[in-house]
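>>> Predicted coordinates and the sequence they were generated for:
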Amino acid sequence: MSRRAISVALSLILLLLSVQTSFAQEPTELQSSSPDLVASSILQSASWTLTTVDGNDTNDLGQFSSVVVDPNTGVAYASYYDATGKDLRVARWVGSGGNCGPNGSWNCKTVDSDGDVGQYSSLAIQPGIGGTEPTLHVAYYDLTNRSLKYSACISFGAPCTWSPPTIIDQGSTSIIPSWAGMDASIALDSTGKAHIAYRFNRFNLGGSSHSLKYASFVGTGNGTGCSASNAWDCLAVDPEAAAGKRFSLAMDSTDTPAIAYFGANGSTHSLKYAHPALAGNCGVMGPLFGNWQCDVIAPVVGEAQFASLIKDSRTGDKPRIAYYDQTFNGWVIYASYIGSGGGCGPGNSWRCDGIDQVGEAPIMGVSLAVNDTGQPVIAYYDFDDVATNGTLKVARPANLVGNCGPMGPLTHLWQCDVVDSGLRAGTHFPNFVWHDVGQYASITAASSGLATIAYYDSSGMDLRLARQLLFTYAPLSLKNAP
């Protein structure tokens with residue numbers, strides 16, 4: 001039996017089982033107070049619920065997706081691009097009474113429709129205090145104005161209200177044109193202030209050049225270096241950056257920023273990692289040193305996309321990066337700082353492992369999150385498993401026996417599983433169609449370890465959401481039993 005036939009058979013069985021058991025199960029997401037209850041084996045086997053959040057027969061919705069979950073309530077939010085309307089949209093799970101999702105379970109809102117806006121959206125959440133609604137922050141690209149743009153949905157104890165979008169840094173339409181805001185990534189410090197990493201592109205006579213820039217909110221009138229706002233500081237960190245669909249910014253436990261991105265020095269491309277430093281080699285350069293350090297972590301042959309950086313206090317703020325490398329038919333790579341004895345990074349201080357071979361496509365999707373114990377989970381787009389469509393997959397360190405990643409003494413050290421195969425019911429049973437799913441994957445994990453992923457269905461042109469849930473079963477009760 002062929003691989004595709006086996007996949008169809010298994011998907012049909014799972015579809016029938018889900019229909020038969022859906023009324024007997026109550027999905028429950030574990031709360032942050034019970035992380036010890038969840039073993040890694042349970043996390044790997046926990047069920048995924050798949051939902052079309054925003055989609056219709058006319059609009060192309062869901063590219064450049066970014067997802068966050070309120071840790072206090074478990075409510076999910078996603079930002080994304082409406083490629084038909086050229087708008088930035090944000091979806092919020094409401095349960096009922098909404099205007100999108102199954103049975104109105106989501107509310108989808110256009111946040112910015114001024115020109116062609118919303119590509120490279122990146123969403124961050126500041127949890128509310130005392131049961132209040134959270135504040136949302138979103139950074140994105142304004143193609144019409146060639147600008148980095150920002151908006152916040154601010155809560156005053158009630159559902160938040162979106163502030164008027166603000167242009168932070170703007171490109172130019174002069175004889176030497178430039179663009180600011182692509183590959184945007186937003187993160188919040190411990191006070192709730194926003195920080196954004198992004199790409200600045202300038203056209204030169206010899207071609208175009210890309211640089212990594214970093215913006216931080218400092219308050220009205222206090223900012224410098226931004227072409228369109230005096231409430232932000234804008235700093236050119238590295239003049240040797242490269243396009244990568246998404247850079248990644250993370251704040252550590254001391255509110256120090258770090259950025260994972262892609263660099264280019266002539267024809268040599270690489271994964272790079274930047275952070276503030278007293279005697280650095282980039283950023284604002286003094287007579288001898290700069291105020292940032294920009295390091296090459298690993299060379300890249302061909303195109304690289306979707307760097308995703310995590311710095312977690314539970315593991316000493318040691319950086320970890322997942323990304324896509326086109327080398328040798330495309331791989332998802334996991335790079336982690338270990339100090340010494342690794343095979344990549346300055347002085348072999350990093351370890352770089354190939355997790356899964358995923359093929360080559362114009363748009364990929366890789367995103368990294370960690371649970372409460374610091375265990376990584378990677379969501380990614382796999383175009384290599386089947387010939388006609390891509391799938392959404394997740395990878396975690398294996399509990400006992402793995403099927404991907406580097407080999408240990410007896411088995412692979414990671415477990416890679418399909419979350420959404422792309423199989424959809426056709427109009428006439430038993431006809432089925434295959435959708436291409438998983439591009440622009442964005443993942444977040446609850447402290448319990450259960451994950452939520454926003455991603456793009458390019459065949460249906462929909463925003464999709466996968467959420468990992470555990471199911472509880474009510475005990476059977478026999479009438480007149482003693």
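Alright, I've got the coordinates.
>>> Could you report the pLDDT at Thr21?
As summarised for this prediction, Thr21 has a pLDDT of 30.
>>> again but with Tyr214, I slipped
pLDDT recorded at Tyr214 is 98.
>>> Which residues does it form beta bridges with?
The partner list for Tyr214 in beta bridges (DSSP bridges) reads Ala197, Leu235.
>>> Test my guess that Gly341 contacts Asn348.
Yes: under the criterion of Cβ atoms under 8 Å, Gly341 makes contact with Asn348 at 6.6 Å. C-beta coordinates here come from the backbone N, C-alpha and C atoms, glycine included.
>>> Could you check which of these two is surrounded by more residues?
Asn348 (13 against 9; other Cβ atoms under 10 Å).
>>> Surely that one is in contact with Gly342?
Yes: here Asn348 reaches Gly342: they are 4.9 Å apart, a contact under Cβ under 8 Å.
>>> List the buried residues of the helix or strand containing Asp353.
Asp353 belongs to strand 350-357 when elements are defined using DSSP states H and E. Along strand 350-357, the positions that meet the burial threshold by neighbour count (16 or more other Cβ atoms under 10 Å) are Trp350, Arg351, Cys352, Asp353, Gly354, Ile355, Asp356.
>>> now those residues in TSV, with distance to Gly181?
Converted to TSV, the buried residues of strand 350-357 look like this (distance: Cβ to Cβ, whole Å):
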residue	distance to Gly181
Trp350	29
Arg351	33
Cys352	29
Asp353	32
Gly354	32
Ile355	30
Asp356	31
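>>> Throw the residues you listed into CSV and include pLDDT, thanks.
What follows is these, written out as CSV (pLDDT from 0 to 100):
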residue, pLDDT
Trp350, 98
Arg351, 97
Cys352, 97
Asp353, 97
Gly354, 96
Ile355, 97
Asp356, 96
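>>> Looking at those, which one is closest to Val419?
The shortest gap between Val419 and any of the buried residues of strand 350-357 belongs to Asp356, at 13.0 Å (Cβ to Cβ).
>>> Roughly how far does the closest one sit from Leu400?
If you measure Asp356 against Leu400 using Cβ to Cβ, to the nearest Å, the figure is 19 Å.
>>> now Leu148
Computed with Cβ to Cβ, the distance linking Leu148 and Leu400 is 46 Å.
>>> The two: who's more crowded?
Set Leu148 next to Leu400 and count neighbours by other Cβ under 10 Å: Leu148 wins out with 33 against 9.
>>> Pull up the per-residue confidence for that one.
The predicted structure scores Leu148 at 98 on the pLDDT scale.
>>> which residues sit against the strand or helix carrying it?
Under DSSP H and E, the secondary-structure element containing Leu148 is strand 147-154. Applying Cβ atoms under 8 Å, 6 or more residues apart in numbering, the set of residues contacting strand 147-154 from outside is 88, 90, 111-112, 117, 135-142, 160-171, 180-181, 184, 186, 194, 196, 198, 215, 228.
>>> repeat for stretch 213-228
Contacts of stretch 213-228 with the rest of the structure, by Cβ under 8 Å, 6+ apart, involve 147-148, 167-170, 180, 193-200, 229-237, 249, 257, 259.
>>> Please save the CA atoms from the strand holding Asp353 in CSV.
Once side chains and other backbone atoms are set aside, the C-alpha atoms of strand 350-357 remain, and they are given as CSV (Å, rounded to 0.1, in the frame of the first residue of the first chain):
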residue,chain,number,x,y,z
TRP,A,350,26.3,26.4,20.0
ARG,A,351,24.8,23.0,19.0
CYS,A,352,22.9,22.9,15.7
ASP,A,353,20.8,19.9,14.9
GLY,A,354,18.8,19.0,11.8
ILE,A,355,15.3,18.0,13.1
ASP,A,356,13.4,17.2,9.9
GLN,A,357,13.9,17.4,6.2
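>>> Now do the contacts for the residue lying closest to Ser190 once chain neighbours are set aside.
Counting by Cβ to Cβ, 6 or more residues apart in numbering, Asp255 is the residue found nearest to Ser190 once chain neighbours are left out, at 5.5 Å. Contact partners of Asp255, counting by Cβ under 8 Å, 6+ apart, are Asp189, Ser190, Thr191.
>>> In CSV: these, plus distance to Asp462, pLDDT and neighbour count.
As requested, the contacts of Asp255 are arranged in CSV below (distance: Cβ to Cβ, whole Å; pLDDT from 0 to 100; neighbours: other Cβ atoms under 10 Å):
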residue, distance to Asp462, pLDDT, neighbour count
Asp189, 34, 97, 16
Ser190, 36, 96, 9
Thr191, 37, 95, 8
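>>> For Thr52, state which of those is nearest.
For those, the closest approach to Thr52 (Cβ to Cβ) belongs to Asp189, at 34.7 Å.
>>> Report the separation between that closest one and Ser151.
The value you get for Asp189 to Ser151, if Cβ to Cβ is used, is 18 Å.
>>> Can you give me the buried ones in stretch 317-334?
Buried residues in stretch 317-334, defined by neighbour count with 16+ other Cβ under 10 Å: 317-327, 330-334.
>>> again, but for stretch 340-347
Gly342, Cys344, Gly345.
>>> Quick one: the residues you listed as a markdown table, columns for distance to Ile443, pLDDT and secondary structure too.
Listed next are those as a markdown table, based on distance: Cβ to Cβ, whole Å; pLDDT from 0 to 100; DSSP: H, G, I helix; E, B strand; the rest coil:
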| residue | distance to Ile443 | pLDDT | secondary structure |
| --- | --- | --- | --- |
| Gly342 | 24 | 96 | coil |
| Cys344 | 23 | 96 | strand |
| Gly345 | 24 | 96 | coil |
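>>> Of those, which is the nearest to Pro299?
Taking Cβ to Cβ as the measure, Pro299 lies nearest Cys344 of the buried residues of stretch 340-347, at 8.6 Å.
>>> how close does the closest one sit to Ala197?
Going from Cys344 to Ala197 by Cβ to Cβ gives 21 Å.
>>> where does Gly347 land in three-state SS?
State at Gly347, reduced to three classes by DSSP: H, G, I helix; E, B strand; the rest coil: helix.
>>> low-confidence ranges in the chain?
For the chain, residues meeting the criterion pLDDT under 70 lie at 1-45, 157, 205-207, 385-387, 427-430, 471-482.
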